[in-house]
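Enquirer: predicted coordinates and the sequence they were generated for:
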Amino acid sequence: MIPPEVLLPVRILFGAPVAAILFGFFVMRRVKPEWTHLPILASCAAVTASSMMLAAYVYAGKGFDQPVMHWSVSGDWGVSFGLRIDGPCAAVLAMVAFVGSLIHVYAAGYMKGDPGFSRFFLVFHLFFLAMIGLLTANDYVQMYLFWELVGVASYLLIGFWYHKETARAAALKAFLTNRIGDLGFLLAVLVMISVFKTTRLQLVYFHIAAGRLELVSLIALGLTWAACAKSAQWPLYFWLPDAMEGPTPTSALMHAATMVTAGVFLLVRSWPVIEAVEGLPHLIAWIGALTALGSGVIACAKKDLKRILAYSTVSHLGLMMLALGVGKVGVAVFHLVVHGFFKAALFLCAGNIAHALHQSTANVDEVGGLSRSMPMTHASFLLAACSLAGFYPLGGFFSKDAILDAAWHHGGALSALSLLIAAVSGFYIFRMLFLTFFGARPEQSRDARFHEAEPLLSVPVLCLALGSALVGFAGGPVTRILASGWVMVPPGSPVMPGDINLPHMNMVVALLGTAMACVGAAGAYCATMVFPGWDWRWRGGRVEALIESDFGWKIVVGWFAAAARSSAHVIGVLFDHKLWDGFLESLPRALGTGADAIARAAQGRLNDYLWWMAAGTALLLGRVLR
Amino acid sequence: MNLTVAVWATTGAVFSIGLAIVVVRRQLLAMLLGLELMLAAVNVSLVHHAELYRDEQALAVVVLVIAVAAAEAVVGLSLILRLRRAGVAADTAQLRELRG
């Protein structure tokens, strides 16, 4: 029984997007395709309102986990669809709905006039709906379905401009990489079914709490593998930087709200399972830290604006993984929320610049000194960049400080790494800021085409940037929302996640983190403003080749891809072409030969047939008379 | 010698001769005659067994067989006649349209 006070928001949460997509597909797309976004924007507003109501409900200390329907029941097993509204769900859902809706508004301006306008909006909203379903799932199989739906929608959106070869390749890369990751999720679900006979989150928690740990490491490893693919962590991160081939609103939605956060969310949801495996949290922390540092360094060297931001996303997801790995689930979710705001704002700023150029993306070789011609975009970018770098009192400061604090208390190399990551992220984001908005350099082929984006584009960006600046002050409420999660777990049980509360601010860590960010920003100032041509001069050597190949990992992935392709070729030649096609092609010949042999016995003589008839009759008579 | 044994022997022999003619001979006319022999043998056998088992229905079957034999002779002979008129030999060695 869903509590009556949240029945309406819960219904709207699913009913509005489904209705909007169906109405858009069957009516608007035919009657007035350029108005397809209207029902979808209305649905966004309704979803945002209802997710805020749910967040308020959880804030009040309540929550529920309720099966709603059973699907394809056979015997005592079926897929149960349900809702689990608790802390992590409500916090992330509120961010996804709010940020996602603003990106929808932006997309209405950005995609205007595109021949695929209505197709874009329908798939875009499907993406949004899939993420809502994933966040509210109370069952692993249900989560898996929405997880795959997210993957499909991302494939359709990355390859949205399907006439571009690179877009098609990027879409395929993203989809296949995610499929490889999904294998882990599938394995985990199957093992869960065979061991626990249930996939409902809450019951799995109970089984873990009761100490049923056989094969749990397999489940946990499978889930971690899947999360590494979806949340773009090493070794499966490489699809994300290419995924910016889609329209910019897609990148913003994917990087901020819907796609990459799913992996972190899966790990948050499965934290009791992960924690039950000794050493796995540590592994996750290290994967996160190394991915964050490596991709941060790569982001420092990229030229394409969206690609810089894509590597920055990988870096920040790594930070979330680091926070998870040291046991601070709440910190990871808080950074997820804050990151959603500033990353969406940054992507949409890059989109504004590209839009002014009438291109799908922009390059630092093409733009420079935009601060005067695009003041609104500049202001938004500045706010979001300061938030990303972690300057007090913007949102990023609080969440990043919490992560640094968590790593600090964990101690060892992880704390040093996290401080280094803070410096690197300060460097790459300020390098991007200085290169694009300040002082046009001779290397930049800037001309007078730039003009500020129209209000439909610039206002949502400003809202997001303001949100990213202010969301840090929501630390208290977010903590409270998060803390009232896990309501169904018996208090004091060993599956209670390590630390759901945000840590109190530690003066040493806060100062150290800010100092590192300042060092990064100052370094960026030196490299771009004091020596304006440096960014072009250092290139061309072995260092650039190393960074361009993602420290060699792209080459390794290339080997894997080549091995897969050649084995597919071998299978195609040996099995498909030779064995199966050969069988199919020889079948008619064999039948013809057999038919000829039979035909030789039938010479068309009546007497022969009469012989056969007599013999047959005799045989039958013999059987009957015996 | 028992009458039944004699009837079986006679009708069996006549039926076998008819069957042999039908199977071995190539002329359609001869085959038709062989067919008539087979029908006649069956008729004789039926008459005897009708008497033996006091079954009048068997006699009805005999009448039916005679009628069918007559009709068959008519159809068969007219077919042969048409073949002859068309200048085709009524010989199964020549009529081999069923050849595979």
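Expert: That came in fine, so what should we check first?
Enquirer: name the element A:Arg372 belongs to?
Expert: Using DSSP states H and E, A:Arg372 is not contained in any helix or strand.
Enquirer: per-residue confidence for B:Glu56?
Expert: Listed pLDDT for B:Glu56 reads 89.
Enquirer: neighbours of it, just the number please.
Expert: B:Glu56 has 8 neighbours, counted by other CB atoms under 10 Å in any protein chain shown. From N, CA and C alone the C-beta is placed, and that goes for glycine too.
Enquirer: where's it relative to chain A, distance?
Expert: Using CB to the nearest CB, to the nearest Å, B:Glu56 is found at 25 Å from chain A.
Enquirer: I'd say B:Ala50 and B:Val63 touch.
Expert: No. Assessed by CB atoms under 8 Å, B:Ala50 is found out of contact with B:Val63, at 11.1 Å.
Enquirer: which one of the two has more residues nearby?
Expert: B:Ala50 (17 against 10).
Enquirer: and the residue of the stretch 451-600 of chain A found nearest chain B, backbone torsions?
Expert: The minimum distance from the stretch 451-600 of chain A to chain B, using CB to the nearest CB, falls at A:Ala599 (3.3 Å). The phi and psi values for A:Ala599, taken as degrees, to the nearest 10, are phi -70, psi -30.
Enquirer: how about the residues of chain B by chain A?
Expert: B:19, B:22-26, B:31, B:92-93, B:95-100 (CB under 8 Å from any CB of the partner chain).
Enquirer: do you know the pLDDT at residue 6?
Expert: You didn't say which chain, so I picked chain A. On pLDDT, A:Val6 comes in at 85.
Enquirer: actually chain B
Expert: 93.
Enquirer: again, but for the one 5 residues further on
Expert: Model confidence at B:Thr11, given as pLDDT, is 95.
Enquirer: what's the answer for the one 10 residues further on, then?
Expert: Predicted confidence (pLDDT) at B:Ile21: the value is 93.
Enquirer: burial count for it?
Expert: 19.
Enquirer: now name the helix or strand holding it.
Expert: Using DSSP H and E, B:Ile21 falls in helix B:3-24.
Enquirer: distance from the chain centre to that helix, please.
Expert: When distances are taken as CA atoms, centre = their mean, to the nearest Å, helix B:3-24 is centred 11 Å away from the chain's centroid.
Enquirer: residues of it that come out buried?
Expert: Under the neighbour-count criterion of 16 or more other CB atoms under 10 Å in any protein chain shown, helix B:3-24 has B:Val7, B:Thr11, B:Val14, B:Phe15, B:Gly18, B:Leu19, B:Ile21, B:Val22, B:Val23 buried.
Enquirer: what is the nearest of those residues to A:Gly533?
Expert: Closest to A:Gly533 out of the buried residues of helix B:3-24 is B:Val23 (108.5 Å), distances taken as CB to CB.
Enquirer: spell out which parts of chain A neighbour chain B.
Expert: Selection of chain A residues close to chain B by CB under 8 Å from any CB yields A:598-607, A:609-611, A:614.
Enquirer: buried only: go through the residues you listed for me.
Expert: Using 16+ other CB under 10 Å, the buried ones in the residues of chain A next to chain B are A:Arg605, A:Leu606, A:Asn607, A:Leu610.
Enquirer: ok, how many other residues are close to residue 31?
Expert: Using chain A. Residues lying near A:Val31 (other CB under 10 Å) number 9.
Enquirer: not quite, go with chain B.
Expert: When neighbours are counted by other CB under 10 Å, B:Met31 registers 23.
Enquirer: grab the nearest non-local neighbour of it.
Expert: Nearest non-adjacent residue to B:Met31, counting by CB to CB, 6 or more residues apart in numbering or on different chains: B:Val22, 5.1 Å away.
Enquirer: and that neighbour, what is it in contact with?
Expert: By CB atoms under 8 Å, 6 or more residues apart in numbering or on different chains, the contact set of B:Val22 is A:Leu610, B:Met31, B:Gly34, B:Leu35, B:Met38.
Enquirer: swap in 7 Å and give it another go.
Expert: Going by CB atoms under 7 Å, 6 or more residues apart in numbering or on different chains, B:Val22 touches A:Leu610, B:Met31, B:Gly34, B:Leu35.
Enquirer: same question, A:Lys302
Expert: Residues counted as contacts of A:Lys302 (CB under 7 Å, 6+ apart) are A:Ile308, A:Tyr311.
Enquirer: tell me, how many residues neighbour the nearest residue to A:Phe551 once chain neighbours are set aside?
Expert: By the measure of CB to CB, 6+ apart, the closest residue to A:Phe551 outside its immediate chain neighbours is A:Gly294, 6.0 Å from it. A total of 22 residues lie near A:Gly294 under the criterion other CB under 10 Å.
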